[in-house]
Structures are given as structure tokens and as C-alpha cells.
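[1] sequence unavailable; structure follows:
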């Protein structure tokens, strides 16, 4: 399956982005703040992003750790909404 490496990459990018704003996607799903369908949609949005290399660079850059999600993140609104729910 040629899409498996791409899927894994984007899931990892999403997980790291969520961690950057102090959110654990697995915990959000377990406590009901994030539904399975929302996760599927978020992965689809991430996989359609034309900037995965830019995202990879962003997540590896130390100074970004306290600056939230990058402005180009297609899941920014979802992650911010869920993050507010978990507070």
C-alpha cells in the first residue's frame, strides 16, 4: 500500500502538533473530546496539505515550542477547540 508511509508521516505530524499545544490526541479521544470521525477528517486534511516539509521543519525548530500551531495548519481550529475543551 503506497499510502501507508504518507499516512504515518501525517499522523506523526499531527500528534507532534497537538503535543506542542499541550494536547494528547489519544487522551482527547478517550475522554470523548475528540470523536473517531474527527480524527479521520483531521488526518485527511493533513494529508491534503501541500506543506508537510514546512511542517516538519516547524516542529523541529526549538523556538516554535511555545508559539502554538503554525498559521498554515489545516487542523489548527480543531486542535484549539479541543484544547479549550480539555482545560
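    Yep, that arrived. Because the structure is predicted, anything quoted here is derived from the model rather than measured. Numbers count the residues shown, from 1 in each chain.
[2] what sits against the residue nearest the centre of the chain?
    For the chain, the residue lying nearest the average C-alpha position, counting by C-alpha atoms, centre = their mean, turns out to be residue 14 (2.5 Å). Contacts for residue 14 (C-beta atoms under 8 Å, 6 or more residues apart in numbering) come out as 25, 42-43, 46, 75. Where C-beta positions appear, they are placed from N, C-alpha and C, glycine not excepted.
[3] now, which of those residues sits nearest residue 81?
    Of all the contacts of residue 14, residue 75 has the smallest distance to residue 81: 10.1 Å, by C-beta to C-beta.
[4] can you name the residues that contact that closest one?
    Residue 75 makes contact with 14, 17, 42, 45-46, 69 under the criterion C-beta under 8 Å, 6+ apart.
[5] quick check: pLDDT value at it.
    Residue 75 is assigned a predicted lDDT (pLDDT) of 95.
[6] the helix or strand in which residue 39 is found: which residues count as buried?
    In this structure, residue 39 sits in helix 36-48 according to DSSP states H and E. With burial defined by 16 or more other C-beta atoms under 10 Å, the residues of helix 36-48 counted as buried are 38-39, 42-43, 46-47.
[7] do the same with stretch 51-71
    55, 58-59, 68-70.
[8] go through those and name the one nearest residue 34.
    Within the buried residues of stretch 51-71, the smallest distance to residue 34 is 15.5 Å, found for residue 69 (C-beta to C-beta).
[9] name the nearest residue to residue 33, sequence neighbours excluded.
    Leaving out its chain neighbours, the residue that sits closest to residue 33 by C-beta to C-beta, 6 or more residues apart in numbering is residue 85, at 4.6 Å.
[10] can you give me the helices in this protein?
    Using DSSP state H, the helices of the chain run over residues 4-20, 25-30, 36-48, 52-60, 76-86.
[11] tell me the angle of the longest one relative to helix 36-48?
    Our comparison of helix 4-20 with helix 36-48, counting by axes from the mean of the first three to the mean of the last three C-alpha atoms, to 10 degrees, yields an angle of 110 degrees.
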